[in-house]
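# quick check, what structure comes out for this input:
(one chain, ligands or ions: 1)
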Amino acid sequence: MSPTHESNPLRDPQDRRLTRIAGPSALVLFGVTGDLARKKLLPAIYDLMNRGLLPPSFALVGFGRRDWSDEDFSAQVRDAVEHHSRTPFREDVWNQLTSGIRFVQGAFDDPEAFGRLREVLAELDEGRGTKGNHAFYLSIPPNAFEQVCQQLADNDLATHEQTSGWRRVVIEKPFGHDLDSARELNAIVERVFPADAVFRIDHYLGKETVQNILALRFANQMFEPLWNANYVDHVQITMAEDIGIGSRAGYYDGVGAARDVIQNHLLQLLALTAMEEPISFGADHLRAEKEKVLAAVRLPEDLAEASALGQYAGGLQGGEEVRSFLEEQDIPSDSRTETYAALKLDINTRRWSGVPFYLRAGKRLGRRVTEIAVVFKSSPNLLFRHRSHEESDQNALVIRIQPDEGVTIRLASKVPGTQRELRAVNMDFGYGASFTESSPEAYERLILDVLLGEPPLFPRHEEVELSWKILDPFERHWEEQRTRPETYEPGSWGPDSAHRLLARDGRAWRRP
Ligand code: BG6
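Residues are numbered from 1 along each chain as shown. Next up is the predicted model:
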């Protein structure tokens, strides 16, 4: 990554990696009372401070409707930090952080509140030394983006032509609900902020294990020669969660698993798995390769046969009685929203011709696991002809994104004491056993990158739009057919139709 003028190289004493600290800056957070802010963003900011990666002049400004003083907001931040931070609570670090905490009370449609925000930022620039460097984090529903961006523009907060420093905006998914709405949203944000000042968060890209996909593929010599249609039979990308939708009905109903996580996280994983080697880690090079492979995705002709939708039933899961999706709070009893989706995609490149990519994501499944399994073709087995034709005769390389982060290679091995009997065994790399450093949370890395002005881990709008182009035909098909998701038992591995989807191709889902 190329150095930027506001950052200093340093060896982080805590995790002994070459890393850089952010320069003087203020982060303005919209949506301070949301779950994301409380569980992820505020703790990540503290963790960065604790790791010495934020400068003493860093300031955190909350913007919201609550009638809070700076001290009230600070108490909320402290509570979130104490409950959810990754690193231990240290009073000296907290004192440093809290001295830069401010709260601006107001609604998104209140111009005076934005006037006050402007004054607070001017005061921080002067008094604390944030030097006109402001990042605006919109952890708010997308329908409020337009209003907030416009207010920022009207108060000269979005651009820095007349003043010094940089201005950046951070937006969270959902980036639209289809291609048209995504384009509209992109246009709204980019009307106010230049494209290179817009940081779109797909938090999967902040995960260490996701960044390691490129290291695994391109820093090793042994995988790349096999990483193509000559050797790979198919690829399975799984994102399974054991939880239900909790209290997120307002967001989730009408969105569903495909829009919630396949359009973004899973297609990003597909892109990183299938892309060509970029000529550098620079944002332009990396994004260009991801875009090339997303643009090469082809949908099978029969979309009904190439997809499966499910909805969790109620019942016992891990000894606990859980509600069905239709019984969740605020979900209409006739909702057709899917909590499980599986898709089959092809990639029309020389490297991947004829290699299906199967993607699945669901809630209330057997356990929480995200993994990418590259399943290789069977060996010709000239010496081991007699071996039974079961799953075990295919090698697989499994990238375990979470939990139990690591990589497994599945091999056939002779069973000791037998003539020629083979059994599938695993060769394992686990982060826990190989590294003493613990992995930072995705949001630590992403917030730091925003403050450093490092864009490679943030999808640009072309990527978002290409991903919608892949998903839209499926969504249209399900809508036109008024497809009802098939019910599946909580704690199972999804609906039967998902198993049939692979069985039709003579394959089976892995049991992660
Ligand atoms: C979010 C989805 O993007 O990712 C949630 O909106 C999902 O529905 C979450 O639960 C899962 O994230 P992680 O990091 O726990 O895999």
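# so what's the residue count around the nearest residue to Trp468 once chain neighbours are set aside?
The shortest distance from Trp468 to any non-neighbouring residue, by C-beta to C-beta, 6 or more residues apart in numbering, is to Leu179 (4.0 Å). Any C-beta I mention is one placed from the backbone N, CA and C, and that applies to glycine too. Neighbours of Leu179 under the rule other C-beta atoms under 10 Å: 18.
# please apply the same query to Gln147.
Gln147 has 14 nearby residues by other C-beta under 10 Å.
# which of the helices or strands spans it?
helix 145-154 (DSSP states H and E).
# how about that helix: buried residues?
Phe145, Glu146, Val148, Cys149, Gln150, Gln151, Leu152 (16 or more other C-beta atoms under 10 Å).
# name the nearest residue to the residue in the stretch 251-400 of the chain that the ligand sits nearest to, sequence neighbours excluded.
Per C-beta to the nearest ligand atom, Asp260 is where the stretch 251-400 of the chain lies closest to the ligand, at 4.8 Å. Distances taken as C-beta to C-beta, 6+ apart place Tyr252 nearest to Asp260, at 6.8 Å, with adjacent residues excluded.
# my guess is the one you found meets Arg259, correct?
No - Tyr252 is beyond contact range of Arg259, at 9.5 Å (criterion: C-beta atoms under 8 Å).
# where do the helices sit along the stretch 151-300 of the chain?
179-192, 208-218, 249-252, 256-257, 267-274, 283-295 (DSSP state H, counting those that start in this stretch).
# tabulate those helices in TSV, adding columns for distance to Asp330 and mean pLDDT.
Below are those laid out as TSV (distance: least, C-beta to C-beta, whole Å; pLDDT from 0 to 100):
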stretch	distance to Asp330	mean pLDDT
helix 179-192	23	94
helix 208-218	32	96
helix 249-252	4	93
helix 256-257	15	98
helix 267-274	28	98
helix 283-295	34	96
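# so, low pLDDT: which residues of the stretch 351-500 of the chain?
382, 385-392 (pLDDT under 70).
# mind redoing it with 90?
379-393, 413-415, 418-423, 432, 436-439 (pLDDT under 90).
# so the residue of the chain positioned farthest from its centre, which of the three states?
Using C-alpha atoms, centre = their mean, the residue of the chain lying farthest from its centre is Gln419. It sits 47.7 Å away. Under DSSP: H, G, I helix; E, B strand; the rest coil, the three-state class of Gln419 is coil.
# separation between it and Thr349?
Distance, Gln419 to Thr349, by C-beta to C-beta, to the nearest Å: 43 Å.
# for Ile279, same thing?
Ile279 is 18 Å from Thr349, by C-beta to C-beta.
# who has more neighbours out of these two?
Thr349 (19 against 11).
# if I pick that one, what's in contact with it?
When contacts are counted by C-beta atoms under 8 Å, 6 or more residues apart in numbering, Thr349 is found next to Ala274, Val293, Ala296.
# ok so, going back, can I get the helices of the stretch 151-300 of the chain in JSON lines including distance to the ligand?
Shown next, in JSON lines, are the helices of the stretch 151-300 of the chain (distance: least, C-beta to the nearest ligand atom, whole Å):
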{"stretch": "helix 179-192", "distance to the ligand": "16"}
{"stretch": "helix 208-218", "distance to the ligand": "10"}
{"stretch": "helix 249-252", "distance to the ligand": "7"}
{"stretch": "helix 256-257", "distance to the ligand": "8"}
{"stretch": "helix 267-274", "distance to the ligand": "11"}
{"stretch": "helix 283-295", "distance to the ligand": "18"}
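# turn the ones you listed into CSV, columns for distance to Gly366.
Listed next are the helices of the stretch 151-300 of the chain as CSV, based on distance: least, C-beta to C-beta, whole Å:
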stretch, distance to Gly366
helix 179-192, 32
helix 208-218, 20
helix 249-252, 20
helix 256-257, 15
helix 267-274, 20
helix 283-295, 29
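# give me phi/psi at Glu241?
The phi/psi pair for Glu241 (degrees, to the nearest 10) reads phi -120, psi 150.
# number the chain from 665, please
Got it, first residue is 665 now, which makes that one Glu905.
# ok, it touching Gly1030?
No - with contact defined as C-beta under 8 Å, Glu905 does not count as touching Gly1030 (10.2 Å).
# the helix holding Gln811 to helix 843-856, inter-axis angle?
10 degrees (axes from the mean of the first three to the mean of the last three C-alpha atoms, to 10 degrees).
# now do helix 809-818: which elements does it pack against?
helix 775-791, strand 798-802, strand 831-836, helix 843-856 (3 or more C-beta pairs under 8 Å, 6 or more residues apart in numbering; DSSP states H and E).
# run a quick neighbour tally on Asn894.
10.
# what about it, distance to Val957?
In terms of C-beta to C-beta, Asn894 sits 18 Å off from Val957.
# residues from this protein in reach of the ligand?
Glu905, Asp924, Val925, Thr1034 (C-beta under 6 Å from any ligand atom).
# tell me the most packed of those, by neighbour count.
Ranked by the number of neighbours (other C-beta under 10 Å), the residues of the chain next to the ligand place Thr1034 first, at 25 neighbours.
# so who does it touch?
Thr902, Met903, Ala904, Arg1064, Ile1065, Gln1066.
# pretty sure Arg1171 contacts Lys1008?
No - using C-beta under 8 Å, Arg1171 makes no contact with Lys1008, being 10.0 Å away.
# overlap of the contact sets of the two?
With C-beta under 8 Å, 6+ apart, Arg1171 and Lys1008 have common neighbours Tyr1022.
# so for those two, which sits in the more crowded spot?
A direct count of neighbours by other C-beta under 10 Å for Arg1171 and Lys1008 places Lys1008 higher, at 22 against 17.
# and Pro806, how many neighbours does it have?
When neighbours are counted by other C-beta under 10 Å, Pro806 comes out with 20.
# repeat for His867
19.
# and what of Asp897?
19.
# so what's the residue in the stretch 715-864 of the chain that the ligand sits nearest to up against?
The nearest approach of the stretch 715-864 of the chain to the ligand comes at Lys837, 6.4 Å away (C-beta to the nearest ligand atom). By C-beta under 8 Å, 6+ apart, the contact list for Lys837 reads Arg864, Ile865, Asp866, Asn928.
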